[in-house]
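Participant: how would this look folded up:
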Amino acid sequence: RQFPKVEMNESARQLEELTTRLGIFNPMPNRLYDGERKGVTGPFGAVDIPVYVLNQLRRPTDVIDPLPEGTQDYLKNHRADLDAIYVLLQQSEEPRWEPNVSALLQAPVPNFIYHRQLQGLISLDVLDKSRQGQSIAALQALEVSWKINQLLRRRPELVSQMIASSIFHLQAGVMRKMKD
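Facilitator: Down below sits the predicted model:
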């Protein structure tokens, strides 16, 4: 079998626990948190990548604007959780959620919104670190983003490939803005 059924690994469990602290839920369908389903609105009141990130990437120069005050507060309040994600994924195997190709249309597939919100948050952090001249820290965060996206690229489902492609586009825009 080219794509055997596998279970979620410990890296994915820990990543999911950390992302819930950030207000990002549901990496796979039908997750329950304390017995209930969570909505799809992410930490900045959006379903997708933070508007700040999209606005920065649309600009043709490498200038990065300061973060809005509320976004600065969010990063400050969640710095420990973000750093824990970076350490986890730098020191462990890539997270793996439960692929099951043999289930065909009933197979669980990654949640587009979860990955876009998580990658958007990491991108926001990379841009802010780059703006502040913290090039090594920005590069380390980008490497974590890359590692998360690699797991999607290895999955066989079309939706995984579509998510991975959209994240790669985001990463390319962020790399264009990075200095050094």
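Participant: was I right to think Gln117 contacts Ile49?
Facilitator: Yes - if you go by Cβ atoms under 8 Å, Gln117 and Ile49 touch, sitting 7.3 Å apart. The C-beta positions use only the backbone N, C-alpha and C, and glycine is treated the same way.
Participant: so which bits of the helix or strand bottoming out on mean pLDDT in the chain are buried?
Facilitator: Lowest by mean pLDDT, DSSP states H and E among the helices and strands of the chain is helix 10-21, with a mean of 91. For helix 10-21, burial by neighbour count (16 or more other Cβ atoms under 10 Å) applies to 11-12, 14-16, 18-20.
Participant: show me what it is packed up against.
Facilitator: Contacts defined by 3 or more Cβ pairs under 8 Å, 6 or more residues apart in numbering; DSSP states H and E place helix 10-21 against helix 79-91.
Participant: name the helices or strands packed onto the next helix or strand after the helix it packs on?
Facilitator: Going down the chain from helix 79-91, the next helix or strand is helix 112-131, by DSSP states H and E. When contacts are defined as 3+ Cβ pairs under 8 Å, 6+ apart, helix 112-131 packs onto helix 51-58, helix 69-77, helix 79-91, helix 135-154, helix 158-177.
Participant: can you pull out the low-pLDDT segments for this structure?
Facilitator: Low-confidence segments of the chain (pLDDT under 70): 1-5, 29-36, 99-108, 180.
Participant: try 80
Facilitator: For the chain, residues meeting the criterion pLDDT under 80 lie at 1-7, 26-42, 44-47, 97-110, 180.
Participant: quick check: which element contains Met8?
Facilitator: Using DSSP H and E, Met8 is not contained in any helix or strand.
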